[in-house]
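Enquirer: Quick one, what's the 3D model for this:
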Amino acid sequence: MTAPILDAACEALLAGLSVVPPAEDGSKRPMGGWKHYQRERPTPEDLQQWYGGHSPRRGIGLVCGAVSGGLELLEFENAEAYAEFVAAAKDAGLGELVERIERGYLEESPGGGRHWLYRCPEIGGNSKLARRPGPGGTVEVLIETRGEGGYVVCAPSAGKVHPSGRPYVLVAGGFSAIARISASERAELFRLAQTFDRIPQPQWDAAGGQRDQVGREPGGRPGDDLERRVPWAKILAPHGWRMLYRRGGLEAWQRPGKRTPGISATIGHARGEHGEPRLYVFSTSTPFEAERSYTKLGALAVLEHGGDYQAAAKALSAKGYGGRPPHAPPGAPPPRPGRERRAEHNGHGPAKNGSGQGHLEPGEEAPAGNPPKGSRYGIAHGSPDPGLWAEQSPEGPGGRIWPLTDWGNAQRLVFYWGNALRYAQVAGVGRVPVARGRHRQRNPPGQGHRPADLPRSRRGYPHRRHPRRRAAGRGPA
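Expert: Modelled structure (predicted):
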């Protein structure tokens, strides 16, 4: 058992690595007095004393940093995190770099994690690149580094070096084959690793330093409307950005003009206060500020308006974003400027004036049944079900789809007027919607609850034939 340990230690020393035995108490710390070896490598006599005596040590450790020729460790806590990272690296065009590092040095830790060792002319200190919430409010590290001043236990360490007693296993490469990577390649690996961080953090607006307000009442601002209506791809792709991959709730994007592999920004790594995915830019070669997150309005302002948020909001407003009918919820699409409100119809008989769908003129007949898919009567373009109609094309701001059913009509009502309705508990009836902020009259028991300021024709009678019976208490509630 001692010969392999001594041979491995000698190989590491010949490869220009500073070898220090770990303590054999399960702590994975270097033995006492190791500070000297952060500046100078041990001698062959030191190795013989540690590993060739009557009580040889059973572990090998390396001091990272300049003393070992710019050595750095990239550690993955478990096999799952490592597999996901490698898959993402290949999707991002970093597959060749990953294979080069793996051929140089790849080992498996007793806990099932993976270790990469590589050399780089530019390294930093120890850092945690990706974490996730753990049980009981703790934080678990998924990916971290050991750089200048760091220390790592390596194969073929075994015995009491690790708390489990299991050995470190060399999977590929060795001390003499450790790969060298450039500073730019290291930066690409770090950017990718940071996309795996799962610790939620408050995000701030990149321009004004203000907290995101999207999703709050009353809403209706152009930026809020843009946030809900337009996917990120329609903001970035027209400006040359290219999506590399989508995995889970995260998208990786590459900036225009980038000729080397790697990601430039992510969507979903950073999120707003209400969970909205944000653009987080890593690259310093874009109009965006690096290491900051952007809302969709912020990104549009940078890409098309020189960072001027007000100009971006004004341009959006001119395109119809943000306008709403009175008392309509933030999601309601605005009426078309300069035109009569569109006619409402259900595919049967003449159209009626109102705030509904389609492009029928008053009195114009709609075809019987559902109009053909993609017709001018407002059918949902691209919908697999010809029974689904759209307020307008789902591609535009405010696009929404409802089925031609009672439930679909209810959804449409809530979509347009949800913030003007509230529920009231009525004896014998249950919860019924009532208009917010209006005078209400209380009807006799069993007759429901209706706003007093609405005309009789709009008080929601289920059967128009018997309004007098219900008013006198003889009809159904």
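Enquirer: what about Asp224, how many residues close to it?
Expert: Residues near Asp224, counting by other C-beta atoms under 10 Å, number 22. Bear in mind the C-beta positions are built from the backbone N, C-alpha and C, glycine included.
Enquirer: brain fart, Glu72
Expert: Glu72 has 24 neighbouring residues, counting by other C-beta under 10 Å.
Enquirer: Mind telling me what element it is part of?
Expert: strand 71-76 (DSSP states H and E).
Enquirer: Can you tell me what sits against that strand?
Expert: Strand 71-76 has contacts (C-beta atoms under 8 Å, 6 or more residues apart in numbering) with 17, 62-65, 82, 85, 109, 113-120, 123, 142-147, 150, 152, 178, 186, 189, 193.
Enquirer: Tell me, please, where in the stretch 351-477 of the chain the pLDDT is lower than the cut-off.
Expert: The stretch 351-477 of the chain contains residues with pLDDT under 70 at 351-404, 411-412, 414-477.
Enquirer: now do the stretch 1-150 of the chain
Expert: 1-2.
Enquirer: what's the helix or strand following the strand holding Glu72 packed up against?
Expert: Next helix or strand after strand 71-76 toward the C-terminus (DSSP H and E): helix 79-91. Under the contact definition 3 or more C-beta pairs under 8 Å, 6 or more residues apart in numbering; DSSP states H and E, helix 79-91 sits against helix 95-104, strand 139-146, helix 183-194, strand 242-247.
Enquirer: on contacts alone, who are the packing partners of the longest one?
Expert: Spelled out, it's helix 183-194. Secondary-structure packing of helix 183-194 (3+ C-beta pairs under 8 Å, 6+ apart): strand 71-76, helix 79-91, helix 95-104, strand 127-133.
Enquirer: do the same with the first one
Expert: Judged by 3+ C-beta pairs under 8 Å, 6+ apart, the packing partners of helix 95-104 are helix 79-91, strand 114-119, strand 169-173, strand 179-180, helix 183-194.
Enquirer: Pipe those into CSV and attach mean neighbour count and distance to Lys234 per row.
Expert: Formatted as CSV, the helices and strands packed on helix 95-104 follow (neighbours: other C-beta atoms under 10 Å; distance: least, C-beta to C-beta, whole Å):
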stretch, mean neighbour count, distance to Lys234
helix 79-91, 17, 22
strand 114-119, 23, 38
strand 169-173, 15, 43
strand 179-180, 16, 40
helix 183-194, 19, 24
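Enquirer: Need the pLDDT of Trp232.
Expert: We note a pLDDT of 95 for Trp232 in this prediction.
Enquirer: And for it, the neighbour number?
Expert: If we define neighbours as other C-beta under 10 Å, then Trp232 has 19 of them.
Enquirer: thought it was touching Arg278?
Expert: No: the criterion here is C-beta atoms under 8 Å, and Trp232 misses it with Arg278 at 9.3 Å.
Enquirer: hey, what's in contact with both of those two?
Expert: Applying C-beta under 8 Å, 6+ apart, one finds that Trp232 and Arg278 are jointly contacted by Ile267.
Enquirer: Look up how far Trp116 lies from Gly268.
Expert: 26 Å (C-beta to C-beta, to the nearest Å).
Enquirer: and the angle from the strand holding Glu72 to strand 139-146?
Expert: Computed by axes from the mean of the first three to the mean of the last three C-alpha atoms, to 10 degrees, the angle separating strand 71-76 from strand 139-146 equals 160 degrees.
Enquirer: Please renumber the chain so that the first residue is 14 from this point on.
Expert: Got it, the first residue is 14 from now on, which makes the last one we talked about strand 84-89.
Enquirer: and strand 84-89, C-alpha only, in PDB?
Expert: What follows is strand 84-89 as a C-alpha-only set of coordinates in PDB (Å, rounded to 0.1, in the frame of the first residue of the first chain):
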ATOM      1  CA  LEU A  84      -2.800  24.800 -10.300                       C
ATOM      2  CA  GLU A  85      -6.600  25.200  -9.700                       C
ATOM      3  CA  LEU A  86      -9.300  22.700  -8.700                       C
ATOM      4  CA  LEU A  87     -12.800  22.800 -10.000                       C
ATOM      5  CA  GLU A  88     -14.900  20.600  -7.800                       C
ATOM      6  CA  PHE A  89     -18.400  19.200  -8.400                       C
END
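Enquirer: Quick check: nearest residue in space to Glu53, chain neighbours excluded?
Expert: In space, Glu53 comes closest to Val80 once its chain neighbours are excluded; the distance is 7.0 Å by C-beta to C-beta, 6 or more residues apart in numbering.
Enquirer: and the one you found, what does it touch?
Expert: Neighbouring residues of Val80 by C-beta under 8 Å, 6+ apart: Ser31, Tyr50, Gln51, Arg52, Glu53, Arg54.
Enquirer: which ones are touching the fourth one?
Expert: Read it as Arg52. Counted by C-beta under 8 Å, 6+ apart, Arg52 has contacts Val80.
Enquirer: Equivalent analysis for the second one, please.
Expert: With contacts taken as C-beta under 8 Å, 6+ apart, Tyr50 has the following neighbours: Ser31, Val32, Val33, Val76, Val80.
Enquirer: thought the first one was touching Pro55?
Expert: Yes: under the criterion of C-beta under 8 Å, Ser31 lies in contact with Pro55, with a separation of 6.9 Å.
Enquirer: Most neighbours among the contacts of Tyr50, which one?
Expert: Val76 (27 neighbours).
Enquirer: Next one: the closest residue in space to Val76 that isn't next to it in sequence from Leu329, what distance?
Expert: Leaving aside its chain neighbours, Val76 sits nearest to Ser31 (4.0 Å; criterion: C-beta to C-beta, 6+ apart). Counting by C-beta to C-beta, the separation of Ser31 from Leu329 is 59 Å.
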